[in-house]
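**Student:** One predicted model, sequence on top.
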Amino acid sequence: MQNVKIIENFYSEKDYGLIQHLLHTNNMKAVHQPKRIYYPNRLQAYPCWETDRFSEDSFEFNIFKKTFQSKSGMEINNINSFFRTIKKCELEQSPYVGKEESLIHQDTNTESDISHAGVIYFDSFSIKDGTRLYSYKGQIEPDIIIGSKPNRCVFYKSDIFHSAGIDWRQDKRTVQIFFFSTINRSDK
């Protein structure tokens, strides 16, 4: 699990306030996970709400890229990032009712050219709705659970099995999801 990194206080205080504002003013669409599987009703899957992918000329995209590269020391490209909210009232109507986590999965099929995936938490401070990481898909218990904390960034290699925790005491879980690949210095 050496490929898992945590950055506390990811956004500066000013940028965090701006990102929070954008989070609450962006339109979200009702979707489900996994998206690649058809469900007649999104409540039959893992229901969530998502914004569109940030465009490369958007404030959200540019402040994320600048902050991430500065804080991680990595040069990144092929960024796919958006906001996601999961509502308890919808999970209570889904197959996940009473469960501790979402589907255990890898993000390698999400984008054709990504090497890493991650999440930035916005509205809870709980180990129960953090991110659970596994060495392999069939594990009973995770190797690591990283608790949610506002403005905490967690990222890892996209082939690591993981799931989103569910804290039934929280009305919602709001995060920024991101995927990226690193720039190979030999390509420059």
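**Tutor:** Noted; the coordinates are in hand.
**Student:** and I140, how many residues sit next to it?
**Tutor:** Residue neighbour count, defined by other CB atoms under 10 Å, stands at 5 for I140. Yep, even glycine has a C-beta here, placed from its N, CA and C like the rest.
**Student:** That one and Y134: what is the separation?
**Tutor:** Shown here: I140 relative to Y134, a distance of 10 Å by CB to CB, to the nearest Å.
**Student:** Mind jotting down where the strands sit in this protein?
**Tutor:** 4-7, 29-33, 46-50, 76-87, 116-121, 126-134, 144-148, 153-157, 161-164, 172-182 (DSSP state E).
**Student:** Those strands: which one's closest to S58?
**Tutor:** Each of these has some distance to S58 by CB to CB; the shortest is strand 76-87, at 9.6 Å.
**Student:** Name every strand pairing with that closest one and say which way it goes.
**Tutor:** Looking at strand 76-87 with DSSP bridges, its partner strands are strand 46-50 (antiparallel), strand 172-182 (antiparallel).
**Student:** From the rest of the structure, what touches the shortest one?
**Tutor:** Yep, that's strand 46-50 we're talking about. 28-34, 82-87, 90-91, 93-94, 96, 102-103 (CB atoms under 8 Å, 6 or more residues apart in numbering).
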